[in-house]
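Chemist: Give me coordinates for this.
(2 chains)
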Amino acid sequence: MSLALNIKNLSLTIDDTGILKGVNLTLEAGKITGLAGRSGSGKSMTAFAAMGLTPSRSRVKGSILLDGQNLLEKTDQEMCALRGQKIAMVFQEPMTALNPLHTIGAQIAETILIHSDATRDEAHAKAETLMERVGLPLHEIAPTRYPHELSGGQRQRVVIAIAIAMNPNVLIADEPTTALDVTTQAQILSLLRELTEQNNIALLLITHDLAVLSSISDSIAVMRDGCIAGVSETKAFFQQTHADNHFGLLPAPVVKPEKPATLEKTPPPILEASNLVCTYIQNKKSLFSEPEIFRAVDGVSLTIRKGEHVGLAGESGCGKSTLARALLGLHELASGSIKIDGEDFPSTTPAHTKHIRKKIQIVFQDPYGSFNPHQRVEQIIAEPFHLFDQPLSKPEQKERVHDALETVGLEKKAAEQFPHEFSGGQRQRIAIARALITEPEIIVFDEATSALDNISRNKVLDLLMQLADERSVSYLFITHDLTVIRDVTDRAFIMKQGRFVEEGPTNQLLTSPKHAYTKALVEAAPTIHWTDPAIEAT
Amino acid sequence: MKRSFLRSEILPLFHGNRSLALGIALTSLFIMAALLSFVWTPYDVTALDVSTRLTAPSTTHWFGANHLGRDVLSMTMVGARISIAVAFIAVGLGGAIGVPLGLLAAAKGGLIDDIVMRFGDLVFAFPALILAILITAVFGPSATNAIIAIGIFNIPVFARLTRSAALPIWHKPFVQAAQCAGKNLTQISAQHIFPNIRHVLIVQGTVQFALAILAEAGLSYVGLGAQPPIPSWGRMLAESQTMISTAPWLVLFPGVAIFVFVLGLNLLGDGLRHHYDPRRQRGF
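Modeler: As a prediction, this is how the structure comes out:
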């Protein structure tokens, strides 16, 4: 029980806007403290303040004590010496955290050279032991490799190796696994756990994913509006009857409406895709060689019936996004055919293709990139009206846009605003309104909730379930997040390397997976371990 | 309403952006002088007066008078008019042809992209001034031919910039959403691509404007720009260089005018670049 970092009454303002308002947080050596909170609650800014990396226009008050020294009183030069030496950080995006022009071995050795008197040879030798330490065996991953030659998980291991190179007392990890696949995430988390215990590091793990914290942290601090709303032991936090309703952080579960019995009879198919193949031409290896062709989607068939909610899960790079684009006619098919509502898509004439396009719409992952920043919400939502054979009159368009906004739970006046005025969750609602405006038969969701925090995510899913209940629209959820599949789909496909490896009713797929890959996915998916006080007591 | 627009949109532009403020000030000084020359100049710009030939700057002739007794201030003011007109039309011409070409290349890719870009390389293979001299030498020296010559060189500049700025926008989800809404390449280019690359083009436009001013001065200097008696800065320099030791003010004023105007435009371009810097997210 020794205190490694003590943050006392930390407040931070940027241009007179209070970002942090009196944060108190202590980190213990050898323990993992989780820092959870909705996006914008000040989690990352707390970490930046501890690293002395606050934006130039900000003003910081309070104290951050490391080894009895107040970090906030240090000059930039003194902080540079401490950073990496005593306190280190692991970032979310492992690609941008590494310099693409240097080998990974050199990047690890660089930290050692800066912070110690080691010679170049000693530093490189130490870099090699560090790589072994973080699970990058030298006979598999040579230190002379470059970051782009490594997978996301391996890159994150390199970042961790750099962070622990000088054996710091405090390690801050800001969403270290958010950019990674579930199976890789599980490996990185267990590596972090192991390092914390063996090197007696105090780890501050910042994440919006409570399931991650439930499996590895010792205690959980919840941030809300720039303050710590509460701190609790992990076990106590996940007791069903938490005194303070989990500091307002746990969302209400998604309500999935009961299907009416009539759906038992097989409804007509809305989307039929057979033997789809999509290819990418890769860069030539040498000037005279034939370009290699990469089959991103390799012979996939699927049928979605009216009113069905189908899930499609797989890790990044498995071809699921390419498949989504192909289904919408945004990616050329190398072979195979798509039928929407019984008609070939794309059709022979552009006019008829437009007519069919009305029936299939998409919601994208990135709530920031999905809208033209120069258009008002009204223009954005009205864009698909272009697909109508008969153009609607302006007042009619306006009325429909207002209706759509109300349907997705936004106010009418949102129509006059620009997309940047909305939060992530609200933006996804706008995207849903745009998808709904043509009254499509099927909507494809390409990772539509993965950029949202838990509460927004569940609210959006709730809205979708409610809409499905009212309009019997079919959904295809494409995601790497098995919880979405679990919460809202009836049937699911598991995709790997461009092919489906398993399909079946969602319940069956998640409880008794048959294919080894599905099993690995289900096991790696972080789940919240609830503790029931009644059982604990006995 | 107008006042609040000024306060919320215009004034913050200058906050911590001194090059933008200075650039706008210098540029508008010359534009104002050029506009003023339409209605008033101190003396008739074409009038010759042997009695005042080669007089030094004084209260009657602020910038002095040349070897024919023409007032240098009046000539500089009217010269600004020619410079601005030539540069403005030439850059406008380059943009009006180059931007659609660049949008087309980005939208279509493949063969069309290659053709447009290789055409650009072909133009770039000749130094700008040589190309202009070639054109004016073939078609005869005049302000119109100078405009065409400078304009042609501006086409690939804008085409190349437009293409490279447009390509990443084509990969944004909102463009895919527009494709799902059945919009064709032209509609997407006009409604989604162009508004998102506008600021890059504005910045480049200012820089090209400055280069066009220089090019026009260069062409007039070698006698291929506007013809006498229309005064132009380049020719004023050429005519008075032999008298540089006896009447240095004759070279000084048009030279300083070119220098300060180009400086002002470059500062304006720099300021705009800083203003539109994506790292300074304004969410416009």
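Chemist: what residues are up against residue 142?
Modeler: Reading this off chain A. Shown in contact with A:A142 (Cβ atoms under 8 Å, 6 or more residues apart in numbering or on different chains): A:G105. Heads up, the C-betas are built off the backbone N, CA and C, glycines and all.
Chemist: meant chain B, my bad for not saying
Modeler: By Cβ under 8 Å, 6+ apart, the residues touching B:S142 are B:136, B:226-227.
Chemist: Which of these are buried? Put it as a PyMOL command.
Modeler: In PyMOL syntax, the buried subset of the contacts of B:S142 is picked out as below (16 or more other Cβ atoms under 10 Å in any protein chain shown):
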select buried, chain B and resi 136+226
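Chemist: which one among the contacts of B:S142 gets closest to B:A217?
Modeler: For the contacts of B:S142, the residue nearest B:A217 by Cβ to Cβ is B:A226; the value is 10.8 Å.
Chemist: Just give me the neighbour total for the closest residue to that closest one other than its chain neighbours.
Modeler: Leaving aside its sequence neighbours, B:A226 sits nearest to B:A143 (Cβ to Cβ, 6 or more residues apart in numbering or on different chains; 4.2 Å). Using other Cβ atoms under 10 Å in any protein chain shown, B:A143 is surrounded by 19 other residues.
Chemist: Pick out the residue closest to the middle of chain A.
Modeler: In chain A, the C-alpha nearest the mean C-alpha coordinate belongs to A:S450, at 4.5 Å (Cα atoms, centre = their mean).
Chemist: Let me see the contact set for that one.
Modeler: Contact analysis of A:S450 by Cβ under 8 Å, 6+ apart lists A:365, A:479-481.
Chemist: same deal with A:I104?
Modeler: For A:I104, the contacting residues are A:98, A:131, A:141, A:143, A:145-147, A:150, A:158, by Cβ under 8 Å, 6+ apart.
Chemist: Go again with 7 Å.
Modeler: The contact partners of A:I104, by Cβ atoms under 7 Å, 6 or more residues apart in numbering or on different chains, come to A:143, A:145, A:147, A:158.
Chemist: what's the closest of these to chain B?
Modeler: A:P147 (21.6 Å; Cβ to the nearest Cβ).
Chemist: where's that closest one relative to B:L22, distance?
Modeler: 43 Å (Cβ to Cβ, to the nearest Å).
Chemist: which of these two has more neighbours?
Modeler: A:P147 (21 against 17).
Chemist: Specify the local secondary structure of the nearest residue in space to the more buried one that is not next to it in sequence.
Modeler: Sequence neighbours aside, A:L98 is the residue nearest to A:P147 in space, at 4.2 Å (criterion: Cβ to Cβ, 6+ apart). Of the three states, A:L98 takes coil under DSSP: H, G, I helix; E, B strand; the rest coil.
Chemist: Identify the residues contacting A:L98.
Modeler: When contacts are taken as Cβ under 7 Å, 6+ apart, A:L98 is in contact with A:107, A:147, A:155, A:158-159.
Chemist: count of neighbours near B:A25?
Modeler: Neighbourhood size, B:A25 [other Cβ under 10 Å]: 12.
Chemist: Show me what the particular helix or strand that has it in it is packed against.
Modeler: Following DSSP states H and E, one finds B:A25 within helix B:18-39. Applying 3 or more Cβ pairs under 7 Å, 6 or more residues apart in numbering or on different chains; DSSP states H and E, one finds that helix B:18-39 makes contact with helix B:72-108, helix B:249-275.
Chemist: before we move on, the earlier item: may I see the contacts of B:S142 arranged in CSV, with pLDDT as well?
Modeler: Converted to CSV, those look like this (pLDDT from 0 to 100):
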residue, pLDDT
B:T136, 80
B:A226, 78
B:Q227, 80
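Chemist: Can you list which of the contacts of B:S142 are found in strands?
Modeler: Per DSSP state E, strands hold no members of those.
Chemist: returning to what we had before: got a winner among the contacts of A:L98 for most neighbours?
Modeler: A:V159 (28 neighbours).
Chemist: Just list the residues touching that residue, thanks.
Modeler: Shown here is A:V159, whose contacts under the criterion Cβ under 7 Å, 6+ apart are A:90-91, A:94, A:97-98.
Chemist: now for these, which pair is the farthest apart?
Modeler: Greatest spacing in the contacts of A:V159, by Cβ to Cβ: A:V90 and A:L98 (11.6 Å).
Chemist: which stretches of the stretch 151-300 of chain A form helices?
Modeler: Using DSSP state H, counting those that start in this stretch, the helices of the stretch 151-300 of chain A run over A:152-164, A:182-199, A:210-216, A:234-237.
Chemist: Confirm that A:G311 sits in a helix.
Modeler: No - under three-state DSSP, A:G311 sits outside any helix and is assigned strand.
Chemist: Now the most centrally placed residue in chain B: which helix or strand?
Modeler: Centroid-nearest residue in chain B: B:F209, 1.6 Å away (criterion: Cα atoms, centre = their mean). Using DSSP H and E, B:F209 sits in helix B:194-221.
Chemist: Could I get the CA-only coordinates of the next helix or strand after that helix as PDB?
Modeler: Following helix B:194-221 in sequence order, the next helix or strand is helix B:233-240 (DSSP H and E). The C-alpha coordinates for helix B:233-240 follow below in PDB (Å, rounded to 0.1, in the frame of the first residue of the first chain):
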ATOM      1  CA  TRP B 233       4.900  49.100 -63.800                       C
ATOM      2  CA  GLY B 234       7.100  46.800 -65.800                       C
ATOM      3  CA  ARG B 235       7.600  49.200 -68.700                       C
ATOM      4  CA  MET B 236       8.100  52.200 -66.400                       C
ATOM      5  CA  LEU B 237      11.000  50.300 -65.000                       C
ATOM      6  CA  ALA B 238      12.300  49.400 -68.500                       C
ATOM      7  CA  GLU B 239      12.000  52.900 -69.800                       C
ATOM      8  CA  SER B 240      13.800  54.600 -66.800                       C
END
